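> sequence first, then the predicted structure, then my questions.
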Amino acid sequence: MRTYTNTEYPYVKPADLDGAPRHWPVIVAGAGPVGLTAAIDLAMRGIDVLLLDEDNTVSVGSRAICWSKRTLEILDRLGCAERLVDKGVRWNVGRVFFRDEQIYEFDLLPEAGHRHPAFVNLQQYWVEQFLVERVAELPQAELRWQNRVVGVTQQPDRVAVRVATPDGEYVVHADWLIVADGARSPIRGMLGLDSDGQVFHDRFLIADIHMRSEFPAERWFWFDPPFHRNQSALLHRQADDVWRVDFQLGWDADPDQERKPEKIMPRLRAMLGDKAEFDIEWASVYTFQCRRMRSFRHARVLFAGDAAHLVSPFGARGANGGIQDVDNLVWKLELVLEDLAPSTLLDSYDAERTLAADENIRNSTRSTEFITPKGRASRAFRDATLTLAKRHAFARKLVNSGRLSVPATLVDSPLNTPDRAEDRFGAAMAPGNCAADAPVIGPRGDWLLRYLDQGFTMLSFGAAVPADAVAALAGDAVGCNVVHVNAGSAGPAPGVRDRDGLLAQRYAARPGTCYLIRPDQHVCGRWRAFDLARVRNALARASGGSASAARQEAA
Amino acid sequence: MTLNTDPNIAAPDDFYQDLIDLHRDLDDKQSALVNAKLILLLANHVGDAEVLRQAIAAAREDLSPTTDA
């Protein structure tokens, strides 16, 4: 049986086919998870956005299935995490097996006091469907199915996009084009741009099977298991009793043969036992690559997601990384579109996200080297590590079955204001880190991140920020909202109480401490005592220079 | 810290004998695995990243041209 039927979304003949090219602030090419997220974020900021997709449905096949805690936090900000979490399978625990025994297990989220688990597993088609439905709620976003970008022309003041439809071609203009058209990125090709990197000489079979089973919702990874000697295997639970199975096949495997059910069934039978009842929903044989574009910004064209960078699947760093790309990009576009920041702010998107992409590529490449060792020495070290891991804790740290996606720490970002030495902060939550969530009590619910706005936010512990400064910062062109923590009656709304003391603990805060947090929920400055001028400087730096620089550029 | 390459083993002949005995009756594949385990155990005991880097670099010195294709 099939647990999911792809909706065919209607194609509507665009009015643009007759008439002069319409102008949009932003066009997004590609309605996958990354493009959809970008469109939602833009529309929620009141920016008109045209989203173009060549197809008429969501992902065929489950594809990306592991959605990280950070992705859930971003989608929470965009009003669509709840459906994903409700439908998906929460998991924190992973188990690693070597040959016929478990060598260890790990918990990715060992501490309490987090809104979201380390991961929710959900088939990509469900995620895309929820995002498509969220787009439909937003009048400022327009999604056009079967509208394929066939030409992109950069002009000094705009980008012209030629679009093919079943009824012919038309042209639209935009200030900015976000390209999220996937790994093969036709637009990247149209612009003559490359994505460089490494192809791994190995083949993997992935299959979605429908099975009622008592297996727990955990990530199980096998090295050299009895049912699949000399190779690796992975089992993940998804929604609707669908399970993802992943078998390493080796480079010599014949992909056309391996995707046939008569080849797959014996492999599954060996893994799941004679009694398991299951059927195959979807299967694919793939090789993978790690590569990225040299730059994600090309004048008015901004690349995101797989179009910009590609990683191996171990670590769930593909789609999660792509969603973090647009989380980083969209607020910057908003400031630039409103002439509140110079367009050079968008260069920080390139700087920050190429760094993140490199981190993701480095991690997934290392995992790949461990999982599929090439050469006798690599294999000996790999097996030595696994053999030692059962008995010795140190070796478990070396076992690499995928370093699972965590948000990039942008420590060297030009948007950060460094700590002042006399403030004596530690490394935790230093500028560049993603703001940690924590349980709170307040009018907007039980979690801190709910209190961070679409703009900049200042977390003020105790009564750190006086009322006149709160008003001044709220009135600045690029200002911030102040959220008071444990200010008692001294602080005006909105204020939160640190329910379990975890908020102060995670931010190493004491009364007087303040944190400046970017619209994408990354810390960009912090102080032990509030100083309006310092905060304004930090805001100017985080928005790409001073507001006057933006005005000069606009003039 | 710096990699100590001065004599540091009290009874060098005994140690060397133990090392050879470790591989007695093992085939090449088993020996390779045992050597890898030994390196990992010792590396963890050392711990210091700089010392490990220096040891890795020292191990790479003075290699004769490859003869074993």
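Done, it's in.
> am I right that A:Ala160 sits in a strand?
Yes - under DSSP: H, G, I helix; E, B strand; the rest coil, A:Ala160 sits within a strand.
> beta partners for it?
Listed by DSSP bridges, the beta-bridge partners for A:Ala160 are A:Thr153, A:His173.
> and it, how close does it get to chain B?
Noted for A:Ala160: a distance of 52 Å to chain B, by C-beta to the nearest C-beta, to the nearest Å. Any C-beta I mention is one placed from the backbone N, CA and C, and that applies to glycine too.
> and that residue, how many neighbours does it have?
15 (other C-beta atoms under 10 Å in any protein chain shown).
> do the same with A:Val93
17.
> and for the one 5 residues further on?
Around A:Phe98 sit 21 other residues, with neighbours defined as other C-beta under 10 Å.
> any weak-confidence spans in the chain?
Defaulting to chain A. Low-confidence segments of chain A, defined by pLDDT under 70, span residues A:1, A:489-493, A:546-555.
> hmm, no, I was thinking of chain B.
B:67-69.
> can you pull the residues of it lying near chain A?
Taking C-beta under 8 Å from any C-beta of the partner chain as the criterion, the neighbours of chain A within chain B are B:29, B:32-33, B:35-37, B:39-41, B:44.
> wait, isn't A:Gly495 in contact with A:Val483?
Yes - in this structure, A:Gly495 is within contact of A:Val483 by C-beta atoms under 8 Å, at 7.1 Å.
> compare the two (neighbour count), which wins?
Just comparing A:Gly495 and A:Val483: by other C-beta under 10 Å the higher neighbour count belongs to A:Val483, 27 against 22.
> from the residues of chain B next to chain A, which would you call buried?
When these are checked for burial by 16 or more other C-beta atoms under 10 Å in any protein chain shown, the buried set is B:32-33, B:35-37, B:40, B:44.
> tell me the residue of chain A that sits nearest chain B?
Using C-beta to the nearest C-beta, the closest approach of chain A to chain B is made by A:Ala384 at 3.5 Å.
> element containing the residue lying closest to that residue once chain neighbours are set aside?
Setting aside the residues directly before and after it, A:Ala384 is nearest to B:Ala36 in space (C-beta to C-beta, 6 or more residues apart in numbering or on different chains), at 3.5 Å. Counting by DSSP states H and E, the element that carries B:Ala36 is helix B:28-46.
> next secondary structure after that helix?
Counting by DSSP H and E, the element that comes right after helix B:28-46 along the chain is helix B:49-59.
> pull out the buried residues from that following helix.
Across helix B:49-59, burial judged by 16+ other C-beta under 10 Å covers B:52, B:54-55.
> angle of it against helix B:28-46?
Note on geometry: by axes from the mean of the first three to the mean of the last three C-alpha atoms, to 10 degrees, helix B:49-59 and helix B:28-46 are set 140 degrees apart in direction.
> what about the closest residue to A:Phe97 other than its chain neighbours, neighbour count?
Nearest non-adjacent residue to A:Phe97, counting by C-beta to C-beta, 6+ apart: A:Trp222, 4.5 Å away. Residues lying near A:Trp222 (other C-beta under 10 Å) number 24.
> bridged to A:Ser195, which residues?
Assessed by DSSP bridges, A:Ser195 has beta-bridge partners A:Met293.
> pull the contacting residues for it.
Remark: with contacts taken as C-beta atoms under 8 Å, 6 or more residues apart in numbering or on different chains, A:Ser195 is in contact with A:185, A:188, A:291-293, A:308-310.
> next, A:Ile27: secondary structure please.
Secondary structure for A:Ile27, judged by three-state DSSP, is strand.
> relative to B:Pro65, how far out is it?
Here A:Ile27 is placed at a distance of 58 Å from B:Pro65 (C-beta to C-beta, to the nearest Å).
> before we move on, back to that, pull the helix holding B:Ala36 out as PDB, backbone CA atoms only.
Output for helix B:28-46, consisting of C-alpha atoms alone and laid out as PDB, is shown next (Å, rounded to 0.1, in the frame of the first residue of the first chain):
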ATOM      1  CA  ASP B  28      48.500  -9.800   8.400                       C
ATOM      2  CA  LYS B  29      44.900  -8.600   8.700                       C
ATOM      3  CA  GLN B  30      44.800  -9.300  12.400                       C
ATOM      4  CA  SER B  31      48.200  -7.600  12.900                       C
ATOM      5  CA  ALA B  32      47.000  -4.500  11.100                       C
ATOM      6  CA  LEU B  33      43.900  -4.400  13.400                       C
ATOM      7  CA  VAL B  34      46.000  -4.900  16.500                       C
ATOM      8  CA  ASN B  35      48.400  -2.200  15.500                       C
ATOM      9  CA  ALA B  36      45.500   0.200  14.800                       C
ATOM     10  CA  LYS B  37      44.000  -0.600  18.200                       C
ATOM     11  CA  LEU B  38      47.300   0.000  19.900                       C
ATOM     12  CA  ILE B  39      47.800   3.400  18.200                       C
ATOM     13  CA  LEU B  40      44.300   4.500  19.200                       C
ATOM     14  CA  LEU B  41      44.800   3.400  22.800                       C
ATOM     15  CA  LEU B  42      48.100   5.200  23.100                       C
ATOM     16  CA  ALA B  43      46.900   8.300  21.200                       C
ATOM     17  CA  ASN B  44      44.000   8.600  23.700                       C
ATOM     18  CA  HIS B  45      46.400   8.300  26.600                       C
ATOM     19  CA  VAL B  46      48.600  11.100  25.200                       C
END
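> where does the residue lying closest to A:Ala428 once chain neighbours are set aside sit: helix, strand or coil?
Sequence neighbours aside, A:Ala508 is the residue nearest to A:Ala428 in space, at 5.8 Å (criterion: C-beta to C-beta, 6+ apart). Remark: A:Ala508 carries the secondary structure label coil [criterion: three-state DSSP].
> and A:Ser59, what are its phi and psi?
Per-residue torsions, A:Ser59: phi -50, psi 130 (degrees, to the nearest 10).
> I misspoke; the intended subject was A:Val149.
Backbone phi and psi, for A:Val149 under degrees, to the nearest 10, turn out to be phi -70, psi 120.
> residues near it, how many?
Counted by other C-beta under 10 Å, the residues lying close to A:Val149 total 22.
> my guess is it meets A:Ala160, correct?
No - because the distance of 10.9 Å does not satisfy C-beta under 8 Å, A:Val149 is recorded as not touching A:Ala160.
> hang on, A:Phe247 in a strand?
Yes - when the secondary structure is assigned by three-state DSSP, A:Phe247 falls within a strand.
> just give the closest residue to it, not the sequence neighbours.
In space, A:Phe247 comes closest to A:Leu205 once its chain neighbours are excluded; the distance is 4.5 Å by C-beta to C-beta, 6+ apart.
> what is the helix or strand where that neighbour lies packed up against?
A:Leu205 belongs to strand A:204-211 when assigned by DSSP H and E. With contacts defined as 3 or more C-beta pairs under 8 Å, 6 or more residues apart in numbering or on different chains; DSSP states H and E, strand A:204-211 has these neighbours: strand A:242-248, helix A:261-272, strand A:278-286.
> before we move on, the earlier item: does the residue nearest to A:Phe97 really touch A:Asn230, like I thought?
No - counting by C-beta under 8 Å, no contact exists between A:Trp222 and A:Asn230, whose distance comes to 11.4 Å.
> now the helices for the stretch 451-555 of chain A?
According to DSSP state H, counting those that start in this stretch, the stretch 451-555 of chain A carries its helices in the segments A:467-475, A:502-506, A:532-542, A:547-554.
> just the stretch 251-400 of chain A next, same as before
Under the criterion DSSP H, counting those that start in this stretch, helices of the stretch 251-400 of chain A are mapped to A:255-258, A:261-272, A:319-337, A:345-371, A:376-391, A:393-396.
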